[in-house]
Structure formats: C-alpha cells, structure tokens
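[1] missing the sequence, but the structure's below:
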Ligand SMILES: N[C@@H](CCC(=O)N[C@@H](CS)C(=O)NCC(=O)O)C(=O)O
Ligand code: FES
Ligand SMILES: [Fe+2]
C-alpha cells in the first residue's frame, strides 16, 4: 500500500528543500518586464525571497547578469546567483550545478518573444510539467482551441532521453487542433516536439501556421513556490506577423486558466513516481519517461518517490 | 481525536452516513468524504448509488468534478468513462480503437440507502460484497422513511417511487434533517451534542433533550449515534407526542465532522418545514460552540489515507487486454420472444457484480448441455446489473440455440465468461454507420445505444427478411430516424442497397458490419471498391463459413520458448501448442473471435480466419492459431 | 451595437457574458488586460471608467430619450468606428460600469420574457437586489482570495476565505430550504433571474482561492442547475456539464 496524504488541508510542515538537485538548479521567479526597481517578494522552494531591479548598477561586474538583485528575505545582504534568460529572472538557492538549458530559438531575430503570463497554481511542479506534455486532454480541457471532440486520438509518437544533454524528448507527436495558435483560424493536424531539459521546465515546438519550415515555441518555466504550490511562467516565441502580443498573452492565459482547475483537482498533489500509483496508457509515454527520468536523478521535491 | 479510528480490525464494515438521499439528484456528483478519504457519490438514472474513490485511476483527477451522464461517470481531464455499478472503465478516448483493460476499475466502497441517508464503509469493496447488510442503528426504532422532498425537477422516478411507497407505509414518520458540517473533531461535536436543546415550536416550551449516546460502532467509539426523547407534558397544547431524534456524526476528517440526523413523531409530518428549520437553527448554534472549542486546541493533522496501487500489468502502459479471467455463474432473469425464432435472454449475477463490458463485447455461455456458445451483449451504457443477449434458433443447430429456445427457463443458472471485445466501437468518428443482417443486430444494438446516449451521429441499417424478424423493435424505435429497417431484399437488392450506403467514404467515417457471411463478404468488397480504408471497416462474423483445410503438415519454431514443434495434418496449431504446454487463450476456435492471435516473426501464414482484415492478412505478421496454418514449410512465432 | 470591455479570466465580466449568451445578444468584446498589465488602471481605460474596474458595457443602440421603450435588437444603429476612437469617445451611447447595473440593464431592455429581471414585480426585484449585494460580498471575499492565489494580490487571503465561508454557509442554507420548497433558483419562481448569474461566477471559481465547496452540497446542486440553463457558456476555471435527465 502506498500511504499518502491526499487531503487538501494538508499541513505544510516541510519548509526548505532538501533535494540537492533541485536546490542547486536555476529557477525562474519573475518576468523581467514585470520587475521594477521597487522591492518585490516571492517564494521559492519554501523560502521567502526579495528581488528588485538594481538601481546602482555595479559596473565592475561585466557579465551583465546582475541587473537584478535577489536575496533571501531573511538574509538581505547575501545576494543569490542571478541569471537573466528567455525573458525571465532566474535564481538558485544553492550553487548552480550546471548552466541553464539552451533555448536557441529565443535569439532568432524574427521571433515575437512574449512573456505570456505568470499564474499561481496549487499543485506540485512535476504535475504541471506532466500536464504540459499531455496531448490527450486537449479536446476535454481546451475544447475548441487545442482540441475538439470527436478528434480524441493520440497517435503513436517517439520518446527518448538524449545521451548528450540528458533531456526527455518526444517527437512525431501529432494532434488534431481546431485553433492551434492565436493566429490560426481553422482546424489542422498539428505536429509537436516536446523537450524537458529541466525537472521543472518544458518546451514545446509546434508547426507554425505561417511558415512550414519553422516551429513556434511555447515554454513552461515552473517556479516551485513549495512542494505543492507553483507559479507557472509562460514564454511564447512565435513567428507570427499578425497576432499582437495582447492576443498572444490572452491566448496563453486562457490555456493556463483552463489547466489550472484540473491541476488543482489532482490527488495527490505531488507526482507519484511509483509506476503503480496511476494508470498510464500509450498516450502517456512522455509522462512515463519523465517520471523515470525524475526517479533516475533522485528527485524528491514535489514527488512521492517510488518505494525502494 | 487525533488518530484515525483503527480499522485494522477484521470487522471493518461498519457503516457511516455520507450523504442524504436527497443529496443525490439525477445527473449530479456529490463530493463526499469519510475518515479522510474523499468520495465521489452519484446516482445513475436507474437509481443505483455509486460510492467511489474520488480519484480517476488515470491521473488522479477528482471524479466529483466529472460528468454524471446518467449511465457513466466521465472524467473531466481525458474523458475516461466509468460504468455505473461496476466502476470499470469503458472507454479511453485517446485510444479509440482499443477496449480498455478489464482491470481498469475504480475503487468502490460499500453503499446502502436507509433512513433517508446514504451509508458507506471504509474498506474498499470486496469482489463479493453483499450490499444487503444494513447498518444496525436501532432496530425497531423506525420502520419507514420520509425524506425532505426536493424540487420536482430534481427527483428521478426511482426516488419518487421510493418516496411514495414510504408515504404509503406512513409508519416511521421520519424527517431527515439538514446536515450540518462542523469544523471540529468528532469528540468535540459529540460532547456539544450532549447538551442539545431547542424551543418546541408548538408548545413554545424549552426542550432539553435527554441525549443518550450509544456506541453502535465498536471500532470507532467516536462515531456516536445520539438519541433524544422529547416528551411534552400531557397538558401541553397540542397534546403529548413522543418525538425521537437521532443524530449520527460522520467522521469526515480529523477536524471535520457532519452532524446528520432524523426525527420521528406525528407533528414532523404535519409541520416538516417548521421542524427542519428549528433543528437547523439549533444545530447551527451548536456548531458555533463546537467551532469555538476547536479554537482552543491545536488542530490535528489530516488523517492519512492509503491509495491502492493499480495492478502490475496496468502500470506498464496497457494496450488492448483480453486476458482470460475466471468465469461467473449467473441466473436467468427473463426470457422473452423478441422476434420470430429470436429470444432475448437476460441474466443477472448471483453474488457480487457482473464484469465491465463495452459496446461490441460478447460472452461465452456454457450451457448445461456441455456446449459453449458466444453471444454479443445488447446492453446499453450503464445497464450493468444484467447481461442481455439475443439468441436465434438455428436450423442446423448442434444444440446451443435449441437448448436456449427449448430448455432454458427463468431461474436457471448458467456459467458465463467475462465479456471480451473484439469488435470495439470507436467514438471518435465524425459519423458511424452500423449495418446489421438478421441476428447480427445484437452487437450493433449495444453500439447504437451508446452512440445514441452520447448524442454521437450514427445510422443503423438493419436488413431482415420481413417485419416478423425484427428483433428488439422497441429499442430501435427509440433511435427515431437513425434506425432504418430494410425488409425483404434478395441478395442482388441487398447488394445494391449496400452500394448506396457505402458509396461515399469521408474522412473519419466508420462502418461496423455484422451479419451472415455472404452479406459481410459483399459489404466488405463494396467498401473496398469505394475506397473505404481498412481501418474504417469493422466487422464481426457470427461464425467462420470458410472451408478450413487441415491437410498440410508444417513445423513451427517458438522464438521465445526456444522450441520447434511439428503440426501434423489434421491437427490445429493451437492444439499442438496446448499439448506442449504453451498456454494461449482461445474462445470460438473457428477463426472468428480473434482471441488466439499470435505474432508471426518469420514464414508465411495460410490465413483461414475471418477475423483479420485483408491488409492484416497481407502483412502476414500475425495469425489465428485455431484455424490458420502455414504456406511456407515452417513458421517462427513470437511466443 | 454593444461593446463589452472584457477580461476573459474575470468573473465579473463572465456574469455579463453569461447573460448576453443566454439572451442571444450579439456584441463585440474589447479585451482589457487586467493581469499582469493592469490595463484597467490605465489612462485610456479610466477615461471610460474612472473607477478603473471591469466590466464596462457600452450600448450604442441606446437612445436616452426613449430609455423606457424597448426596441427590437435588430434595429441597432451601426456607426462606423474603429476601436481607438471608440475608446476615446465611448460616451456616444450608454456606458455602464458595474456588473449589477449591466445585468439589470440588459435584462430589462433585451429580455422579452421579462423573467430575468421582472421589473413589474416589486418584491422580486427587491429580492434580486439583495442577492446582487450578496454577490458583491462574494466578490469582495472569494474573488479576492482567488486573486491572491492566482495573481499574487497582496490581500489577507485567510480573512477573505473566512468571510467567503460565512457567506457560503448562508447561501447553502438558503438553497437547501429553497429545494425543500421545490424551488430551484435564488429568488423563488419558475425561472432563474440575474441574481443567479451575479452570484454564480465567483462561487464556481471559489476553489481557485482555496475555498472548497465540499461542505455546501446545496450550492453544488444549484451550480449544476445554473450550468444547465440554455445558453450557458464556460470560462477558464469552469467545467462543462452533461445534459439534464429528460423526463
Ligand atoms: N462592483 C463592480 C466590481 C467589479 C470588479 O471588482 N472588477 C474587477 C475585475 S473582475 C476589477 O476590475 N478590479 C479592479 C479593482 O477593483 O481595482 C462590478 O461588479 O462590476
Ligand atoms: S485523469 Fe481522468 S481521464 Fe485522465
Ligand atoms: Fe492543458
């Protein structure tokens, strides 16, 4: 028997993160464009943080990464590592064990990069990532936008874990969509590629309605507020000459707004890594790989580890 | 009480109320909780109450946010459907062509409806649970139940009937109180309830209840029914009456309880609203006291609940599962003549529940005369308390249909296999065509019922000799224009009608064919001629009419077992495998049902079945071991 | 022509979208990004609504001198305009800045059955007004808790939740006794009123503010009934429902 606390009233006893992998990872905490020079507050891995755009820039620092000052609220003088990438401010509570994953498309000059939204959701980070990888829910949760009944079939696709970069990659994913993007106005079979380069981040590439040779990019950067609360940050990077940033943001807010109540109704909130806790089907292949990949890295934060 | 009541004792079937009967309005899902475990509670259109774990087996989403369609509960996340009563999964939309594995079945909890309340128990339902065991509240205290009525539109007929019967009995004079959820431990609630009192609405005198706390549930002394006797002095106006109040505290979680109660006494009938309001006000007052007392203590941690792991096989991304399972004994409930030479036979479980099936499923019926016959189920969605089959009296019957027609009678016991499905219904079609010939109507009827109930577009064309041969007429009538009965066509006319029906293939259209061999063969040929892709044409033969040849011997290498066997002329591959202890499931053993399929790694099979499509036969990478043999001298199989 | 200044994730705007859909009224939406841009506090929007709140409805088919007189929906005076000029001069028509006011207006003007807001029935419209005020109480509590959780508003979310639970207890009791009297809606009568629509959105979205409705079974049944009103539409955070049992 798996003994699990699934009550939503669960007392949050655990405060700080004891998972070394997660502790030493970069995590997104806010969109750069939303961050002014006054003091902002947020939470990461159970700890209160304070951040702001630096007023007096330290010119001796040549990396350019220290435009923002982030610190634990409890230790305001000790600045935490900061990295600005993909429109967001990233920080690390420990010592960054590895550089942040690459997202080369972000730098392509003809792309419209939009920080679409940051939304609070009462769920663990891995549950949110798994939802992002899942096509089967499109016709039910994103009805009329990313999917539509009766077109519910999830066709076979390929998943692998790359040797070099240690990422989960799902390719040849295809799904029927009535309105695949803000700029789309008719149904089509859309092709997706999913990447999971970070335990709490995922990136999807989908066929671009405007240019067949290119792919639109939507990235999900999950900020683990604590084990069962997150902020979901979205970056949309599209080759879309017609859609205004407002339309792109509203599209993404609608999608996240539809996922939110599903995620908040998942029990237990932490992702169970024991294969027998839930019932995967072939359509969940990417989730199965993702869970195994988390297990293999020994991730314990935000998951219910499989019994040894 | 900080720790959860111990349920490790062998008798963990003690009952707790979890809802009022009136909470379960039609097509609603009630969100319940007992001893920390959340429950999704719903009443199907047939009146059956389902108490399930509030988690979809797939990804743990609460089922209390799902859709009760009257027959099945549909999960909001990926649309998995779970059947009334059995809680088995009947459809997984992401894989429309597959039948869900039979073992995908939600955790169910015992349920009984009594005193206007829904009762359940903590332990998950054992397979042979007998729901007749009624909680022993206070024998002789009450004989009937009058529940607080709800808005008319919210009552289904089953409930109305129950209410009327109870009114006719009119003995118990029972009024179910509005339940009061309290954010306090069951201990605190129980203590405050001891001082329950109110002003009698008719005499205007204060009533202090003599509350007698009784411990019916030995294991959880905290779950205490409380009985109060309210005796009014005989000179009071109105005259004396004995009012009995009964409270039961539902242990929701460590710091959450619900006070449920009912009362009896003649004035409860005459002034139900007055009494309901009175107790509601008094209990609400009491709640304030209990919640204040809660402020003074450190709230206990929520009770832990265990999650039953799914079976090993399910954890490994199951596909289609037709694994043979144990047979079950059923009792014949009714036999009716539904058309000339066709009987409709209804069978119910003797103990426990029947297994889950999907449209297109069939069962093997082991007849008392030693024969086994396969029959498609004609049930509609959610009709899970019986199996219904249609049996045609065959002229050259070797005894199966003749036995059913002439010897079988209601009350007889039969042994049946669990339902198997080789004829799955996709529900992702833009349009579905169902074409039946004669008794071939049976699986298509079940499909039509499912499509009709979910409002999916379909047409049913039913070819029969004449009107006297139309089976299940009243069901067909329900489909209105979607059902079309075609009578009296000769084979040529039938062909040209099939030509019309199959003339235009459009993307995501599917056709399901079931009927006599020649009709199926020509329908398949016509569909192919009109460019219907193989995967859009689904068929089920009643039986294999192909002349099966057994004359050529061949050898067979078993790649995984690492042995090579000889199949002599006159013996089937299946029987050779069996004789060498290679267990393969089989069913019809005439190449029609698809159960004994194996993958072929090398060699060319000689297909003699009617199960595989032409494309599958051409591919040559699988075969039916019961009838098919080898064209090449040897075969290598993936077993 | 009716324009709704709208934000998809706003429950107050959803109230209006619900009634517009149920009354089958055509309208155009003008999106105001409430979060994170806070466009409802921008200069251009404050010129339309100095309160800086959503929703705002502008009805350009409105003729002030004939306010009491109903005109068929089809006779809308379609003036060519682009949204920008419309933004600058929306006063060219009736501008309403409060969800309750908009519901009252739309129901009174466009509901031919006069059931959503039976203006000739004093007791009923008074009761409806009570519920409109109650709905504001829900906005001030349940909606605030939702904004705190989802959009990081700096409010006392625990206090908002406690207040919302107080209101939900009152509402559940009301609805339970309404069912007992065979009533289905907030205000007694055969048909729903704008009271139901004003209260529905932030109740159905309450869980986004960690306000469970598990203890309010009568509220849960009533939300099912609202979802089955013809013309019902969902918004992100609201799940669809299946058909009613036909008798
Ligand atoms: N009483 C107003 C309140 C509307 C309201 O609070 N709207 C929210 C959006 S859902 C808003 O604009 N809030 C901004 C603020 O209060 O500053 C109504 O019902 O329309
Ligand atoms: S979680 Fe219920 S269907 Fe997927
Ligand atoms: Fe989603």
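    Ah, there it is. Predicted model, so just to flag it, every value in this text is computed and none were measured. Ligands and ions are numbered 1, 2, ... in the order given.
[2] just so I have it, where are all the helices in chain C?
    C:11-22, C:43-48, C:83-88, C:99-110, C:122-138, C:144-151, C:157-180, C:194-204, C:217-227 (DSSP state H).
[3] Need the winner for burial among these.
    Among these, helix C:194-204 has the highest mean neighbour count (mean count of other CB atoms under 10 Å in any protein chain shown), at a mean of 26. (Glycine included, C-beta is placed from N, CA and C.)
[4] And it, what does it pack against?
    helix C:11-22, helix C:99-110, helix C:122-138, helix C:157-180, helix C:217-227 (3 or more CB pairs under 8 Å, 6 or more residues apart in numbering or on different chains; DSSP states H and E).
[5] who's in contact with it?
    With CB atoms under 8 Å, 6 or more residues apart in numbering or on different chains as the test, helix C:194-204 has contacts from C:11-12, C:14-15, C:18-19, C:22, C:99-100, C:103-104, C:107, C:116-117, C:127-128, C:130-132, C:134-135, C:138-139, C:142-143, C:146, C:168, C:171, C:185-187, C:213, C:219, C:222-223, C:226, C:229, C:235, C:237-238.
[6] try 6 Å
    C:11, C:14-15, C:18-19, C:103, C:107, C:116-117, C:128, C:131-132, C:135, C:138-139, C:142-143, C:185-187, C:223, C:226, C:238 (CB atoms under 6 Å, 6 or more residues apart in numbering or on different chains).
[7] overlap between these and the residues near ligand 1?
    Residues of these in contact with ligand 1 (CB under 6 Å from any ligand atom): C:11, C:139.
[8] Check the offset of stretch B:260-275 from the chain's centre.
    Centroid displacement of stretch B:260-275 relative to its chain, using CA atoms, centre = their mean, to the nearest Å, is 37 Å.
[9] Start and end of it, how far apart?
    14 Å (CA to CA, to the nearest Å).
[10] Okay, now the unreliable bits of chain C?
    Low-confidence segments of chain C (pLDDT under 70): C:62-92.
[11] Any residues of it in contact with chain A? List them.
    C:8-9, C:31, C:36, C:149-150, C:236-237 (CB under 6 Å from any CB of the partner chain).
[12] Which two among these are spaced furthest apart?
    Greatest spacing in these, by CB to CB: C:31 and C:149 (22.8 Å).
[13] In the stretch 451-600 of chain B, what residue lies closest to chain A?
    Using CB to the nearest CB, residue B:456 is the residue of the stretch 451-600 of chain B that sits closest to chain A, at 7.0 Å.
[14] Then that residue would be within a helix, right?
    No - Residue B:456 is assigned coil when assessed by DSSP: H, G, I helix; E, B strand; the rest coil, not a helix.
[15] So the closest residue to it other than its chain neighbours: helix, strand or coil?
    Of all residues not flanking residue B:456 in the chain, residue B:427 sits nearest, at 6.1 Å (CB to CB, 6 or more residues apart in numbering or on different chains). Secondary structure for residue B:427, judged by three-state DSSP, is coil.
[16] Name the strands paired with the host helix or strand of residue B:112 and say parallel or antiparallel.
    Assigned by DSSP states H and E, residue B:112 falls within strand B:111-114. Strand B:111-114 sits in its sheet next to strand B:117-120 (antiparallel), going by DSSP bridges.
[17] quick one: contacts of the strand it pairs with?
    When contacts are defined by CB under 6 Å, 6+ apart, strand B:117-120 is touched by residues B:15, B:17-20, B:49, B:51, B:109-112, B:135.
[18] want to try JSON lines for these, with pLDDT, neighbour count and secondary structure as columns?
    Output for these, formatted as JSON lines (pLDDT from 0 to 100; neighbours: other CB atoms under 10 Å in any protein chain shown; DSSP: H, G, I helix; E, B strand; the rest coil):
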{"residue": "B:15", "pLDDT": "76", "neighbour count": "23", "secondary structure": "coil"}
{"residue": "B:17", "pLDDT": "89", "neighbour count": "27", "secondary structure": "strand"}
{"residue": "B:18", "pLDDT": "95", "neighbour count": "25", "secondary structure": "strand"}
{"residue": "B:19", "pLDDT": "97", "neighbour count": "26", "secondary structure": "strand"}
{"residue": "B:20", "pLDDT": "95", "neighbour count": "23", "secondary structure": "strand"}
{"residue": "B:49", "pLDDT": "97", "neighbour count": "21", "secondary structure": "strand"}
{"residue": "B:51", "pLDDT": "97", "neighbour count": "26", "secondary structure": "strand"}
{"residue": "B:109", "pLDDT": "91", "neighbour count": "22", "secondary structure": "coil"}
{"residue": "B:110", "pLDDT": "88", "neighbour count": "19", "secondary structure": "coil"}
{"residue": "B:111", "pLDDT": "88", "neighbour count": "22", "secondary structure": "strand"}
{"residue": "B:112", "pLDDT": "85", "neighbour count": "17", "secondary structure": "strand"}
{"residue": "B:135", "pLDDT": "43", "neighbour count": "20", "secondary structure": "coil"}
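[19] Which stretches in the stretch 501-639 of chain B count as helices?
    B:517-529, B:573-579, B:614-619 (DSSP state H, counting those that start in this stretch).
[20] quick one: which of these is nearest residue A:291?
    Here helix B:614-619 is closest among these (CB to CB), at 33.7 Å.
[21] Which pLDDT value belongs to the closest residue in space to residue B:367 that isn't next to it in sequence?
    Nearest residue to residue B:367, sequence neighbours excluded (CB to CB, 6+ apart): residue B:403, at 5.1 Å. pLDDT, residue B:403: 88.
[22] Go through the one helix or strand residue B:403 maps to and flag the buried ones.
    Assignment of secondary structure by DSSP H and E places residue B:403 within helix B:400-406. Of the residues in helix B:400-406, B:400-405 count as buried by neighbour count, 16 or more other CB atoms under 10 Å in any protein chain shown.
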